[in-house]
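Chemist: let me see the structure of the following:
(one chain, ligands or ions: 1)
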Amino acid sequence: MVVGILAFQGDVAEHRSILTQLELSARDVRTLHELAEVTHLIIPGGESTVIGLHMKFTGLDTRITERVREGSLFVLGTCAGLILLARLGLLHATVERNAYGSQIDSFDAAINVRGIDAQMYAAFIRAPKISHVDGSVEILAECDGIPVVVREGNILASTCHPELRGESLLHEMFLGLR
Ligand code: GLN
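Modeler: Now for the predicted structure:
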């Protein structure tokens, strides 16, 4: 297992620090060559428009899509990362950006994660709302009846940021440590 973080913009350092808590290291991924060396990729929270443009200019969007489809890449996306996974057609969900309001409407929540009987603490910051998921998407957690953690094949994604609250549960699930 080689873990990479898509490192154009967003909370790259916070994801790295969760991996450090788990005694793992992570590579920065900004090129096709760097992507080729990882088996697990984290797409951080941040601005999906900015990260998406970098993905397009570098060709990483196409290669990530191919590798997820061929089953050689596992991807964790938080917040903007989830938006991008839906936009690439890898996560079959309808997502509405900034649907909880603006920055001042940010909030923290403790969420029950199904299947592993654990609570996850996370921040929702200009978070998207998932309004619809296809049958291929498994809903792992909800907050006020809205899906906030989902899994589809090789993809795990959340509309919130556990990484901003020092919470490692989602990363442990992603890396098969739980
Ligand atoms: N609202 C941001 C976007 O649309 C996502 C916010 C975040 O990642 N915290 O890209």
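Chemist: list the contacts of the most centrally placed residue in the chain.
Modeler: Residue closest to the average C-alpha location in the chain (CA atoms, centre = their mean): Gly77, at 1.1 Å. Gly77 makes contact with 42-43, 83-85, 91, 155-158, according to CB atoms under 8 Å, 6 or more residues apart in numbering. For every residue, glycine as well, the C-beta is placed using N, CA and C.
Chemist: likewise Asp108?
Modeler: Shown in contact with Asp108 (CB under 8 Å, 6+ apart): 121-124, 165.
Chemist: give me the three-state assignment for it.
Modeler: strand (DSSP: H, G, I helix; E, B strand; the rest coil).
Chemist: distance of it relative to Ala13?
Modeler: From Asp108 across to Ala13, the span is 20 Å (CB to CB, to the nearest Å).
Chemist: number of nearby residues for the closest residue to Leu169 other than its chain neighbours?
Modeler: Of all residues not flanking Leu169 in the chain, Met120 sits nearest, at 4.6 Å (CB to CB, 6 or more residues apart in numbering). By other CB atoms under 10 Å, 23 other residues sit near Met120.
Chemist: cool, Gln9 as well?
Modeler: Counted with other CB under 10 Å, residues neighbouring Gln9 total 17.
Chemist: what's in contact with stretch 4-19?
Modeler: 3, 25-30, 34-35, 37-38, 40-47, 50-51, 54-55, 60, 78, 80-81, 161-164, 166-168, 171.
Chemist: mind redoing it with 7 Å?
Modeler: 3, 25-30, 34, 38, 40-47, 50-51, 54, 80, 161, 163-164, 168, 171 (CB atoms under 7 Å, 6 or more residues apart in numbering).
Chemist: what parts of this protein come near the ligand?
Modeler: Within reach of the ligand by CB under 6 Å from any ligand atom, the chain has these residues: 45-48, 79-80, 83, 97-98, 125-126.
Chemist: make it 8 Å
Modeler: Proximity of the chain to the ligand (CB under 8 Å from any ligand atom) is limited to residues 10-11, 44-51, 78-81, 83, 97-98, 125-128, 161.
Chemist: buried subset of the residues you listed?
Modeler: Among the residues of the chain next to the ligand, the ones that count as buried by 16 or more other CB atoms under 10 Å are 10-11, 44-46, 48, 51, 78-81, 83, 125-128, 161.
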